[in-house]
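Undergrad: structure of the sequence below:
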Amino acid sequence: LRPLLGDTAEVSPQTLGALLDQALSAREVELAALKAPWPTWIEELQLLLDQAVADKQVDARKIQARYYNPWLHKLREWASGEEAVVDLGTGFKRLTPDGLAEAWKGEAPQHPALLAMAELEARLGALSDPGEAALRHAAAWVHARFDWEKRQRA
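TA: Presented below is the predicted three-dimensional model:
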């Protein structure tokens, strides 16, 4: 709390519980908007990659079904579940325009999912944090209480 105590923010009239509920609801809305296009995109990527492997349009050392199927499976679970994080390992790099261009023979395909994947980790990390709202609420309360105690003790 110490870094936040310098803020002169007023104690919120909301209870901490209400403040956390509001912050969690905002986070859920952000996450739902982020996940919304992925179920369709995952199926399109599956078809795209399966076709590319079958047609030998990719470097088989860099793109194989045993690599991308687990990535797509994790993305499916993430998009349909409540979790905010998804761990794709090297999939975060390979399923981007640059990652596919590196493994594609000829010109790599363009797809909105590839562009979104390039930003997905950063966007997940930037989701609003309910803990921040709680800390600010606590810091404002401690600051106000400390001032009150100082006045009481003169």
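
Undergrad: just checking, which helix or strand of this structure averages the lowest pLDDT?
TA: helix 130-153 (a mean of 81; mean pLDDT, DSSP states H and E).

Undergrad: how far off centre is that one?
TA: Centre-to-centre, helix 130-153 and its host chain are 31 Å apart (CA atoms, centre = their mean, to the nearest Å).

Undergrad: ok, now stretch 25-37?
TA: How far stretch 25-37 lies from its chain's middle: 9 Å, per CA atoms, centre = their mean.

Undergrad: quick one: contacts for the residue nearest to the spatial centre of the chain?
TA: Nearest to the mean C-alpha position of the chain, by CA atoms, centre = their mean, lies residue 124 at 1.4 Å. Counting by CB atoms under 8 Å, 6 or more residues apart in numbering, residue 124 touches 34, 84, 85, 86. C-betas here are computed from N, CA, C, even on glycine.

Undergrad: I'd guessed residue 114 sits against residue 101; true?
TA: No. With contact defined as CB atoms under 8 Å, residue 114 does not count as touching residue 101 (9.5 Å).

Undergrad: neighbour count winner among these two?
TA: Applying other CB atoms under 10 Å to residue 114 and residue 101 shows that residue 114 carries more neighbours, namely 21 against 13.

Undergrad: buried ones in whichever strand or helix holds that one?
TA: Under the criterion of DSSP states H and E, residue 114 resides in helix 112-125. Going by neighbour count (16 or more other CB atoms under 10 Å), the buried part of helix 112-125 is 113, 114, 116, 117, 118, 120, 124.

Undergrad: tell me the contacts of the fourth one?
TA: For residue 117, the contacting residues are 92, 95, 96, by CB under 8 Å, 6+ apart.

Undergrad: show the model's pLDDT score for the residue nearest to the last one when sequence neighbours are not counted.
TA: I take that to be residue 96. For residue 96, ignoring the flanking residues on the chain, the nearest one in space by CB to CB, 6 or more residues apart in numbering is residue 118 at 4.3 Å. We have a pLDDT of 92 for residue 118.

Undergrad: now do residue 10
TA: For residue 10, pLDDT reads 64.

Undergrad: residue 103 touches residue 57, doesn't it?
TA: No. With contact defined as CB under 8 Å, residue 103 does not reach residue 57; the gap is 9.5 Å.
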